[in-house]
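J.: Fold the stuff below for me.
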Amino acid sequence: VLMMKYQLIEILEQLRDFMEVGGPVLWIILVTAFLMWTLIIERFWFIRITYPRLVRKTVKQWNERSDTSSWCAHKIREELISRISVQLHKSLTILQTLIALCPLMGLLGTVFGMVQVFEVMAITGSSNARLMASGISMATIPTMSGMVVALSGLYFSARLKHHADFKTQIAADKLNITDLKKKVSQ
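T.: Below you'll find the model as predicted:
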């Protein structure tokens, strides 16, 4: 137990050092990554837990209808499918916006770090390599971090979009199958 506490403290110290080297923009990228991953986890939770209940409720509502073949019934079916689709695609636009912001914030970190390098060059001349290296680190670490966060988010965003489209079609098919069963039994 003591060894685990020591390892945890060491990891937190390394994280703190990394954040200090990366500059203030890295904290913004961290907050953005936290928001992005919160949305990703929430969407997977919705698909895994809430979506099946929503579909069961919608199919039950459709099955309780006496008319499933008129023009009005088909419009009601489209509206039910649309409600499911809206719920499945909820927050995906925000997620994609956060993903697009990450590389831009990384570039902001690059500019911030390069300004630090130029300040060092202006004040001390170009001979102080150690101070220039810290500015270059401050320039490259946010860029790398922004790209890593964006790439990981991009993968899961695409999967969520695919799941949302696929699950919408499954819900539509379930309403169709129910409609066909009622026509056959009549």
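J.: make it CA atoms for all contacts and neighbour counts henceforth
T.: Noted.
J.: Name the helix or strand for residue 76, please.
T.: Using DSSP states H and E, residue 76 maps to helix 71-89.
J.: Packing partners of whichever helix or strand comes after that helix?
T.: Going down the chain from helix 71-89, the next helix or strand is helix 92-124, by DSSP H and E. Judged by 3 or more Cα pairs under 8 Å, 6 or more residues apart in numbering; DSSP states H and E, helix 92-124 is in contact with helix 24-45, helix 129-185.
J.: again, 6 Å this time
T.: helix 129-185 (3 or more Cα pairs under 6 Å, 6 or more residues apart in numbering; DSSP states H and E).
J.: quick one: the helix it packs on to chain centroid distance?
T.: The chain centroid and the centroid of helix 129-185 are separated by 6 Å under Cα atoms, centre = their mean, to the nearest Å.
J.: Now do that helix and helix 92-124, the angle between them.
T.: Angle between the axes of helix 129-185 and helix 92-124 is 180 degrees (criterion: axes from the mean of the first three to the mean of the last three Cα atoms, to 10 degrees).
J.: model confidence over helix 129-185, on average?
T.: In this model, helix 129-185 has an average pLDDT of 83.
J.: May I have the helix holding residue 76 as CSV, with CA atoms only?
T.: The C-alpha trace of helix 71-89 is given here as CSV (Å, rounded to 0.1, in the frame of the first residue of the first chain):
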residue,chain,number,x,y,z
TRP,A,71,-50.7,8.5,-43.9
CYS,A,72,-51.1,10.0,-40.5
ALA,A,73,-49.8,6.9,-38.8
HIS,A,74,-46.7,6.9,-41.0
LYS,A,75,-46.1,10.6,-40.1
ILE,A,76,-46.4,9.7,-36.4
ARG,A,77,-43.9,6.8,-37.0
GLU,A,78,-41.4,9.2,-38.6
GLU,A,79,-41.8,11.6,-35.7
LEU,A,80,-41.1,8.7,-33.2
ILE,A,81,-38.0,7.8,-35.2
SER,A,82,-36.9,11.4,-35.3
ARG,A,83,-37.2,11.7,-31.5
ILE,A,84,-34.9,8.7,-31.1
SER,A,85,-32.5,10.1,-33.6
VAL,A,86,-32.3,13.4,-31.9
GLN,A,87,-31.6,11.7,-28.6
LEU,A,88,-28.9,9.5,-30.1
HIS,A,89,-27.2,12.4,-31.9
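J.: Please point out which parts of that helix sit buried.
T.: The neighbour-count criterion (16 or more other Cα atoms under 10 Å) identifies 77, 80, 81, 84, 85, 87, 88, 89 as the buried residues of helix 71-89.
J.: just stretch 147-163 next, same as before
T.: Buried, per 16+ other Cα under 10 Å, within stretch 147-163: 147, 148, 149, 150, 151, 153, 154, 156, 157, 160, 161, 163.
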